[in-house]
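# sequence and computational prediction follow.
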Amino acid sequence: TGSSRPQRMLKAVQKNATKGDPESVISAIDYYCRHKEWAMNVGDEKGLILDSVLTEVNPSTALELGTYCGYSTVRIARLLSPGSKLITVEFNPAFAAVARQIIAYAGLQDKVTLVEGPSGDLIPKMKARFGIKSFDFVFLDHWKDRYVPDTKLLEDCGLVSEGSVLLADNVICPGAPEYLKYVRNSPRYESRYYKSNLEYTKVEDGLEKSVFLG
Ligand SMILES: O=C(NCCc1nnc(-c2ccc3[nH]cnc3c2)[nH]1)c1cc(-c2ccc(F)cc2)cc(O)c1O
Ligand SMILES: [Mg+2]
C-alpha cells in the first residue's frame, strides 16, 4: 500500500527542514501543504494568532486536544518557557506515530508529552497521571463535536482555573456552533473571535479565545 498524507508530510520535513530547528519544520510543513498537498494543520495565518495568544499567556502547563501531525504542537512547544510542559492528546495511532517523529525532528520532545486515546477518557486521568493542578492554556483542535463535552469535562475535573485560556480552532470551518454558543453565553467565560482563514485557503475560518473566569 502507498504512503499516507501524514507520512508524505513527514518526508517533506525530513527532506527540507533542519533537525533541531522548529522554525524550519513549521516552514517545511506550510510550504508542503500550501504548494503540494493540503492538510488540516492550523497553518501559517491562524498560526500567527496562536503564537500571539501563547506569548501573552506564557503558560507553565498547556494542553492540546488533537495533535494530528504535530504542527501546532511544534508551534506551541517552541514558545514555551524553560520548565513548562505541553500535553497533547491524539486519538488516531497513525497520526500519533507521525507526530512523535515531527516533534522529535524539531528537537522539542522534552517539552511535549503525547498521549494516545480518546480525550473523554484521558482528561479525567490528567491530574493523577501527570500531576497537573490546572492548565493555563488549552488549544482545542480535535473533533469539533468534542469541543463542548471536553470543555465541560475540564471544568468538572478542576483542570481550568481563573485566568485559564481556551483557544479553539475551526469555529467557522468546519465549524463548532454549539461551542461558540456555550462559551459566548456562559457567564464563566470572556470570549473573543479572531477572524482568519482556513489553513492554506481563502475560505473564512477563525479562532475563539475564551478566558475562564472561575
Ligand atoms: O477535523 C479536524 N481536526 C480534527 C483532527 C483530529 N486529530 N486528532 C483528533 C482527535 C484527538 C483526540 C480525540 N478524542 C476524541 N476524539 C478525538 C479526536 N481529531 C479539522 C478539519 C479541518 C477541515 C476543514 C475543511 C475541510 F474541507 C476538511 C477538514 C480543518 C481543521 O483545522 C481541523 O482541525
Ligand atoms: Mg484545526
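Nice, I can see it. Predicted, not measured: the structure shown is a model, and the values here were computed from it. Ligands and ions are numbered 1, 2, ... in the order given.
# got a list of what Leu159 touches?
Leu63, Ile123, Met126, Lys127, Ile132, Ser134, Phe135 (CB atoms under 8 Å, 6 or more residues apart in numbering). Where you see a C-beta, it was placed from the backbone N, CA and C, and this is true even at glycine.
# please redo it, this time with the cut-off set to 6 Å
For Leu159, the contact set (CB atoms under 6 Å, 6 or more residues apart in numbering) comprises Ser134, Phe135.
# distance of it relative to ligand 1?
15 Å (CB to the nearest ligand atom, to the nearest Å).
# ok, Tyr68 next?
Taking CB to the nearest ligand atom, one finds Tyr68 at 4 Å from ligand 1.
# could you say which helix or strand holds the nearest residue to that residue once chain neighbours are set aside?
Leaving aside its sequence neighbours, Tyr68 sits nearest to Phe95 (CB to CB, 6 or more residues apart in numbering; 5.4 Å). Using DSSP states H and E, Phe95 sits within helix 93-105.
# list the contacts for Asp169?
Asp169 neighbours (CB under 6 Å, 6+ apart): Val42, Asp141, Leu207.
# make it 10 Å
40-43, 46, 49-50, 65-66, 72, 139-142, 144, 147, 176, 196, 198-199, 205-208 (CB atoms under 10 Å, 6 or more residues apart in numbering).
# before we move on, what about Tyr105?
If you count contacts by CB under 10 Å, 6+ apart, then Tyr105 has 10, 13-14, 17-22, 24-25, 28, 70, 74 around it.
# which of those residues are buried?
Leu10, Val13, Ala17, Pro22, Ser24, Val25, Ala28, Gly70, Val74 (16 or more other CB atoms under 10 Å).
# so which of those sit within helices?
Counting by DSSP state H, the part of the buried ones among the contacts of Tyr105 found in helices is Leu10, Val13, Pro22, Ser24, Val25, Ala28, Val74.
# many thanks, have a good one.
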